[in-house]
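Visitor: Please work out how this folds:
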Amino acid sequence: MTDQSPRFHAVNTVAEWQESETASNMPKRSMTDVFGELTFNQRVMRERLPKSVFKEVQSTIEQGSPLDPKVADAIASALKSWAIEHGATHYTHWFQPLTGSTAEKHDSFIMPDGQGGIVTELSGDMLIVGEPDASSFPSGGVRQTFEARGYTAWDPTSPCFLRKKSNSVTLCIPTAFVSYTGEALDKKTPLLRSMDAVSRQSLRILDLFSPGHGAKRVFSTAGAEQEYFLIDRHFYVLRPDLTLTGRTLFGTKSAKDQQLDDHYFGAIPDRVLACMSAAEHELYRLGVPVKTRHNEVSPAQYEIAPVFETANIAVDHQMLVMETLKSVAPRFGLQCLLHEKPFRGVNGSGKHVNWSLATNTGVNLLDPRDETHSNLQFLVFLAAVIRAVDLHAPLLRATVANAGNEHRLGANEAPPAIISIFLGDMLTDIIEQLQNGTPKSTKRGGQLDLGANTLVDIPRDAGDRNRTSPFAFTGNKFEFRACASSQSVSWPLAVINTIVAQSLDEMATELEKAVGANPTPAKLATASKTLLKKVIKEHKRIIFNGDNYTDEWVEEAAKRGLANSRSTPEALSALKKRDVAAVFKKYKVLSNHELESRLNIYAEQYATQIAIEADTMIQLSRQQIVPAASRFQTQLAQAVSATESVGIDASDQRGFLDRYTGLIAQTMRLTASLQETTSGVHASDELATARRFREDVVPAMESLREVVDELERHTADDLWPLPNYREMLFLK
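Guide: Here you go, the predicted structure:
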């Protein structure tokens, strides 16, 4: 084995890491000591801001009231002092453009004082607004390339934080990003607008059912469970497909992968655990409340999950989770893969997004409580969600549509492309009671006797969970399980908020009309039950508690009239529907122009991703696969010739050589065909182009992969140019 072999380097990496300085210098301070130390959180603000200013900020955070610009100077001064005390030299307006990642432009605190010296400065104006170049970010037609002006606007509801990298400390100020015209060019702005919309409509329902409730605002809350892969970094850099596209475009299954289910929740490997701990340490310092870590189903796959937070902060923190995992992993000789399907044949990665509604006084509006059948307020909120998902299932599907998720959805590892709701036994029973009259009872879970004297009886929930459902009720929240592991969850959350706001609005209007100017509990109860029956009758088709992976469900869903958008272009076409544009416009979340821009951007991103993958396959085939196979072909030919030269029958070897030579020829033909197909894709608009890539280029890529993977199965291991699945998934 030569020094150039990827196997040689990877084994050395593991051995070197075990003795490395990184391994022996893990963080010594406890999580409780470091939590939030790099965030300008409410505790820090209380200590550093004048009392009146702190109350202003607190009111904005808790009640959504506008922040008076007059207090910005005081906040900026305290923020600057705090940041400089922690070693910061620069600040940045940290924002989330439509690339799906984050962006930042660093500015120094230093300003010349006019006398040959310097002063440090961060004014209120500098805090509130920034002006990055908007010309090179995706705009989908909102801005032309020559129109460069864009603005970042401070979001005071999300804590500022410090990023420490190498010898640099930067103050990050979470912001929205808009164009010169005020149109949203980012993920945050629509989310904040949608949170306002769902809050307004939720308060109307609370006013009906809980007069004097005292709530000033209703927040959407979220928690995103992040799945990811960790592989040895040496293997990563030796795989151009992984470095350029995030997934293996070629590769055959290992003899062993996840068949034995032995990796799921198994003991975490030492190097991986060290990497996880270091990432958690950094996230705790940033105030990100990560709570859970474990092995996932596939070898080399893991999960990290947080405590739930206000949706806006949860999104910011989720972006930090992804960035931190990617930045910490190389310190341990590892690479974090966030692609939805980096390895064919084993489970891919998703991001389960848990969503609920809660008042600023701490009441979870989706908590059914003990006597659920009599909790009409909860049932109205529940019915609003059911109605929203049924009316806008194609739109929800569109929020999780990208090139990576296309490999995962419906692959017996993730929810299908059919959007449905799982309610569980208890809520389904109450729904059925409502259909038949007035609900009289709530199912109980009771206790489980485990049959051993030393084991105490444990409480059993009123219903099981369903891991195959794309939108499942899980006790006091809904879990949207179809989200892609690499995406920002801001877009799905913005859509959920908006469509639920619409249903709450229309249901509140109907209830208000029914009870009149002088509502009584009896009137409200009667009106609520009538409304609930109507909603259930019209939208119960979206409820499915069975196995979403079966062919029978696909057939049943079609009978119910539920959409099944299997491809990304097909799913994105939902953004062209008039009712979708109308709901976004009515609740001031997205204008028609802003919505159209997102359709164009997401379609273009899909086509571009497929084009990059196709070009990478072509290069790999011509520059590595065919040359390596040709070397093995030469060795085979020489072996056959040598065997025949001494009079020994080599017909079996010659037959193998002929078949192998045929595979090489087929690889070359399919590579040329893929290049011709890719170069011939021309269409009238972004969505049409995306369709052409899905219909023409993707099948050509699949054909090439099948032949190359067959070549790998028959090529000598020491000649194959790419690290294989066994090495990447099992060398830890």
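Visitor: As a quick check, tell me the outermost residue of the chain.
Guide: For the chain, the largest distance from the centre (C-alpha atoms, centre = their mean) belongs to residue 647, which lies 63.6 Å off.
Visitor: got the phi/psi numbers for that one?
Guide: In terms of degrees, to the nearest 10, the main-chain angles of residue 647 are phi 80, psi 20.
Visitor: Could you do residue 66 as well?
Guide: phi -60, psi 140.
Visitor: pLDDT score assigned to it?
Guide: Residue 66 carries a pLDDT value of 83.
Visitor: Repeat that for the one 4 residues further on.
Guide: Predicted confidence (pLDDT) at residue 70: the value is 86.
Visitor: Could you tell me how many residues sit around it?
Guide: As a burial measure, residue 70 scores 10 neighbours (other C-beta atoms under 10 Å). In this view, the C-beta of every residue, glycine as well, is placed from N, C-alpha and C.
Visitor: quick one: residue 85 from residue 408, how far?
Guide: Distance from residue 85 to residue 408, counting by C-beta to C-beta, to the nearest Å: 45 Å.
Visitor: who has more neighbours, the two?
Guide: A direct count of neighbours by other C-beta under 10 Å for residue 85 and residue 408 places residue 408 higher, at 21 against 8.
Visitor: Do I have it right that that one meets residue 348?
Guide: Yes. Judged on C-beta atoms under 8 Å, residue 408 makes contact with residue 348 at a distance of 4.1 Å.
Visitor: Starting from the lengthiest strand in the chain, tell me which strands it pairs with and how they run.
Guide: What stands out as the longest strand in the chain, according to DSSP state E, is strand 218-232. The strands beside strand 218-232 in its sheet (DSSP bridges) come out as strand 301-306 (antiparallel), strand 309-310 (antiparallel), strand 334-337 (antiparallel), strand 351-359 (antiparallel).
Visitor: Can I get it as CSV, trimmed to CA atoms?
Guide: The C-alpha coordinates for strand 218-232 follow below in CSV (Å, rounded to 0.1, in the frame of the first residue of the first chain):
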residue,chain,number,x,y,z
VAL,A,218,-48.8,34.9,20.6
PHE,A,219,-45.5,33.5,19.4
SER,A,220,-44.9,30.6,17.1
THR,A,221,-42.3,28.4,18.7
ALA,A,222,-40.0,25.9,17.1
GLY,A,223,-37.3,23.4,17.7
ALA,A,224,-35.4,21.8,14.8
GLU,A,225,-33.8,18.3,15.2
GLN,A,226,-30.7,18.3,13.0
GLU,A,227,-29.5,15.1,11.4
TYR,A,228,-26.0,15.0,9.9
PHE,A,229,-23.1,12.7,8.9
LEU,A,230,-19.5,12.8,10.2
ILE,A,231,-16.8,11.1,8.1
ASP,A,232,-13.1,11.2,8.1
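Visitor: ok now stretch 221-239, how far from the chain's centre?
Guide: 13 Å (C-alpha atoms, centre = their mean, to the nearest Å).
Visitor: That stretch: which residues count as buried?
Guide: 221-236, 238-239 (16 or more other C-beta atoms under 10 Å).
Visitor: same check, this time on stretch 67-79
Guide: 67, 71-79.
Visitor: same deal with stretch 80-95?
Guide: 80, 82-84, 88-95.
Visitor: Of those, which belong to helices?
Guide: The helices, defined by DSSP state H, take in 80, 82-84 from these.
Visitor: Return the member of the residues you listed nearest to residue 106.
Guide: If you rank these by distance to residue 106 using C-beta to C-beta, residue 83 comes first, at 12.4 Å.
Visitor: Now do the contacts for residue 253.
Guide: Contact analysis of residue 253 by C-beta atoms under 8 Å, 6 or more residues apart in numbering lists 344-346, 725.
Visitor: helix or strand right after the lowest-mean-pLDDT helix or strand in the chain?
Guide: The helix or strand of the chain with the poorest confidence is helix 21-24; it has a mean of 49 (mean pLDDT, DSSP states H and E). The helix or strand immediately downstream of helix 21-24 is helix 31-34, counting by DSSP states H and E.
Visitor: hmm, who's touching that following helix?
Guide: Outside of helix 31-34, the residues within contact range by C-beta under 8 Å, 6+ apart are 27, 280-281, 284-285.
Visitor: Render the CA-only coordinates of it in CSV, please.
Guide: The C-alpha coordinates for helix 31-34 follow below in CSV (Å, rounded to 0.1, in the frame of the first residue of the first chain):
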residue,chain,number,x,y,z
MET,A,31,-22.0,24.1,30.4
THR,A,32,-23.7,26.0,33.1
ASP,A,33,-20.7,28.2,33.5
VAL,A,34,-20.4,29.1,29.8
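Visitor: What is the next helix or strand after it packed up against?
Guide: Remark: after helix 31-34, the chain's next helix or strand is helix 42-48, criterion DSSP H and E. Judged by 3 or more C-beta pairs under 8 Å, 6 or more residues apart in numbering; DSSP states H and E, helix 42-48 is in contact with helix 51-63, helix 72-85.
Visitor: Ok, which of those helices comes nearest residue 575?
Guide: helix 51-63 (31.9 Å).
Visitor: Could you tell me the angle between the closest one and helix 72-85?
Guide: 90 degrees (axes from the mean of the first three to the mean of the last three C-alpha atoms, to 10 degrees).
Visitor: average pLDDT across helix 51-63?
Guide: Mean predicted lDDT for helix 51-63 stands at 90.
Visitor: Touching it from outside, list them.
Guide: Counting by C-beta under 8 Å, 6+ apart, 42, 45-46, 49, 65-68, 71, 74-75, 156-157, 216-217, 360 sit against helix 51-63.
Visitor: Give the single residue among the residues you listed positioned nearest to residue 322.
Guide: Out of those, the member with the shortest distance to residue 322 (by C-beta to C-beta) is residue 157, at 20.9 Å.
Visitor: Surely the closest one is in a helix?
Guide: No. Assessed with DSSP: H, G, I helix; E, B strand; the rest coil, residue 157 is coil; it does not lie in a helix.
Visitor: Now the phi/psi pair for it, please.
Guide: Dihedral angles (degrees, to the nearest 10) for residue 157: phi -80, psi -10.
Visitor: from here on, count from 7
Guide: Sounds good: first residue 7 from here, last item residue 163.
Visitor: What are the neighbouring residues in contact with it?
Guide: With C-beta under 8 Å, 6+ apart, residue 163 has these contacts: 66-67, 70, 198, 316, 318-319.
Visitor: what's the answer for residue 490, then?
Guide: Residue 490 neighbours (C-beta under 8 Å, 6+ apart): 346, 356-357, 406, 408, 410-411, 414.
Visitor: ditto for residue 403
Guide: Going by C-beta under 8 Å, 6+ apart, the list of residues near residue 403 reads 423, 425, 488, 569, 571, 577, 580.
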